[in-house]
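K.L.:
The following block contains a protein sequence and its predicted model.
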Amino acid sequence: MIGYVMLGTNDLERAGAFYDQLLAELGASRFMEQDTFIAWGTDPSSPMVSVTKPFDGNEATVGNGVMVALSVDTREKVDALHAKALELGGADEGAPGERGQGFYAGYFRDLDGNKLNAFCVG
């Protein structure tokens, strides 16, 4: 149902480098790119993640309560994605672990403060 998620950034080059490496862990690469945004995906029919400079020209800010969840198929991939985010300079928002009823997740923030997680069920 979700086509793409867009996150604001004030430094497109820095955000691009972060997500190039982070999303490569999921097999994603740059799918679309213009002067103000970059989008990553695995194929055109799958959901994408993108970063953008705000259209209104104001500074990008982090949405309170907003989070992007990246679905993976194993706990090892949750661990690896969380570790990669921290290696790239992201901030820990909750180490990978069981969150109840087979839901396993690790939480982090990107270089602009946007909150994400990697999760799997089972």
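P.N.:
Yes, it's here.
K.L.:
count of residues packed around Gly63?
P.N.:
A count of nearby residues for Gly63, using other Cβ atoms under 10 Å, gives 11. No exception for glycine: its C-beta is placed from N, CA and C like everyone else's.
K.L.:
Please apply the same query to Arg30.
P.N.:
14.
K.L.:
Ok, Met32 next?
P.N.:
Met32 has 13 nearby residues by other Cβ under 10 Å.
K.L.:
same question for the helix or strand hosting it, mean pLDDT?
P.N.:
Assessed by DSSP states H and E, Met32 sits inside strand 29-33. Strand 29-33 comes out with an average pLDDT of 96.
K.L.:
What ranges does the protein have for its strands?
P.N.:
With strands called from DSSP state E, the chain shows them at 4-8, 29-33, 37-41, 48-52, 67-71, 91-100, 103-109, 115-121.
K.L.:
The residue of the chain most remote from its centre and Phe37, how far apart?
P.N.:
In the chain, the residue that sits farthest from the middle, by Cα atoms, centre = their mean, is Gln101; the gap is 23.9 Å. Remark: distance between Gln101 and Phe37 (Cβ to Cβ, to the nearest Å) = 37 Å.
K.L.:
what's the answer for Ala28, then?
P.N.:
15 Å.
K.L.:
quick one on the thing from earlier: what lines up beside the strand holding Met32 in the sheet?
P.N.:
strand 37-41 (antiparallel) (DSSP bridges).
K.L.:
Just give me how far the partner strand sits from the chain centre.
P.N.:
Computed by Cα atoms, centre = their mean, to the nearest Å, the separation of strand 37-41 from the middle of its chain amounts to 11 Å.
K.L.:
Kindly report the same for stretch 69-76.
P.N.:
12 Å.
K.L.:
and what of stretch 30-42?
P.N.:
13 Å.
K.L.:
gap between the two ends of that stretch?
P.N.:
The straight-line separation of the ends of stretch 30-42 (Cα to Cα, to the nearest Å) is 9 Å.
K.L.:
Check stretch 40-50 too.
P.N.:
Termini of stretch 40-50 sit 6 Å apart (Cα to Cα).
K.L.:
what about it, distance to the chain center?
P.N.:
With Cα atoms, centre = their mean, you get 12 Å for stretch 40-50.
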